[in-house]
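>>> Show me the folded form of this:
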Amino acid sequence: MSEPAGTQDRRSCIAVLGGSFDPVHHGHVALARLFGELLQPDALRILPAGRPWQKSALQASDADRVAMLELAFADVAQGLAPVTIDRQEIERSANGAPTYSVDTLRALRAELGDETSIVFVMGADQLQRLDTWRDWRALFDLANLGVATRPGYDLATEALPPLVAQELSARLATPDAVRASAHGKVCLAQTLAVDMSASRIRAALQDGTGMNRHEDLGALVTTQVLDYIQQHNLYKN
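As a prediction, the model looks like this:
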C-alpha cells in the first residue's frame, strides 16, 4: 500500500526542553506534554543544564537530577513522543565551565542536520529575559521556539523587552507552521495554567514544610520523584 501524499516528505521534528531540573516538577512535565500535543514531535529531548551561568549553584548532583528526570518522564511518552534524557550539557560542563543554550542548539543542529525542525521549549519567564542570553538572536537561526505562559507572566509584546518583541513580531506561527519549519518560527501557547518553581519546592523541603504531608508536596512533584528526594536526603540543607 502506498503512503498518503506528503508522508514521505514530512519534516522530522524534535522538541527540546532544557532546565536545571533541581528538582524536576509538575510544571516541567506539563510543559513537555503541552508541546507534545501541539507539535506531535517525533522525539522529545530533555536537557538538564550543566552549569547554568544565570543561576546559582545547583543543589542536587548531576546523577540525582538525571535519575529524577527519568522517574518524572517515565510515563510522558505514552501517547506522545519518545523521551530521551540528553546529558550533553552535563558532559560539557565537567571542567566547571558554564553552559549556554546557543552552544547546545549548535550541537543539536550539527547532529540532526539542516532539515530537522528543532523546537526549543521554554516558559514565558524565560522569554521575558531572552535578550540577556548569550548570542540570543542566533537561537532563531538554529531552532524554533515554543513558549508557554504561566500565571503571573504576560506574553503580550508590550510586556517583553523591546528587542525580543521586535524579533517575535515577524516570527509568530501556528504549531503546524513551526513543525514544518527547521528554525526561525515561534509558537506561543497560552494554555499552561501551572504555577510552581523548583525554588519553592526546595524551600518546602529545607524547612520541613510538607515533609509529613506527602500529599502537599505530591501536588508539586510526582510521587516517584518525591520518594527519590526523601530516600536520598536531598535539599535538606
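
>>> Can you name the element that comes right after the longest helix along the chain?
Looking across the chain with DSSP state H, the single longest helix is helix 26-39. As assigned by DSSP states H and E, the chain's next helix or strand after helix 26-39 is strand 43-48.

>>> roughly how far out does the longest helix of the chain sit from the chain middle?
Distance of helix 26-39 from the chain centroid (Cα atoms, centre = their mean, to the nearest Å) equals 9 Å.

>>> Could you do stretch 100-109 as well?
14 Å.

>>> outside of it, which residues touch it?
The contact list for stretch 100-109 (Cβ atoms under 8 Å, 6 or more residues apart in numbering) reads 14, 16, 18, 45, 47, 53, 88-89, 92, 118, 120, 133-136, 138-139, 142-143, 183. To be clear about C-beta, it is placed using only N, CA and C from the backbone, and glycine gets the same treatment.

>>> Filter these down to the ones in strands?
Using DSSP state E, the subset of those located in strands is 14, 16, 18, 45, 47, 118, 120.

>>> For residue 217, state which of the residues you listed is nearest.
Comparing the ones in strands among the contacts of stretch 100-109 against residue 217 with Cβ to Cβ places residue 18 closest, at 24.1 Å.

>>> Leaving out chain neighbours, which residue sits closest to that closest one?
Nearest residue to residue 18 in three dimensions, chain neighbours excluded: residue 47, at 4.0 Å (Cβ to Cβ, 6 or more residues apart in numbering).

>>> list the contacts for that neighbour?
So residue 47 contacts 16-19, 86, 88-89, 104 (Cβ under 8 Å, 6+ apart).

>>> For those residues, give me TSV that also has distance to residue 189.
Listed next are these as TSV, based on distance: Cβ to Cβ, whole Å:
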residue	distance to residue 189
16	16
17	13
18	17
19	17
86	22
88	26
89	25
104	22
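
>>> could those residues be laid out in a markdown table, adding pLDDT?
As requested, these are exported to a markdown table (pLDDT from 0 to 100):
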| residue | pLDDT |
| --- | --- |
| 16 | 98 |
| 17 | 97 |
| 18 | 94 |
| 19 | 92 |
| 86 | 97 |
| 88 | 95 |
| 89 | 94 |
| 104 | 95 |
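
>>> Distance check, residue 70 against residue 42.
Note on residue 70: its distance to residue 42, by Cβ to Cβ, to the nearest Å, is 20 Å.

>>> With just CA atoms, put the helix or strand residue 202 falls within into CSV.
Assigned by DSSP H and E, residue 202 belongs to helix 198-206. Output of helix 198-206 as CSV, limited to C-alpha atoms (Å, rounded to 0.1, in the frame of the first residue of the first chain):
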residue,chain,number,x,y,z
ALA,A,198,11.9,24.5,41.9
SER,A,199,13.0,27.1,44.4
ARG,A,200,9.6,26.9,46.1
ILE,A,201,9.9,23.1,46.3
ARG,A,202,13.4,23.3,47.7
ALA,A,203,12.3,25.7,50.4
ALA,A,204,9.5,23.4,51.4
LEU,A,205,11.9,20.5,51.7
GLN,A,206,14.5,22.5,53.6
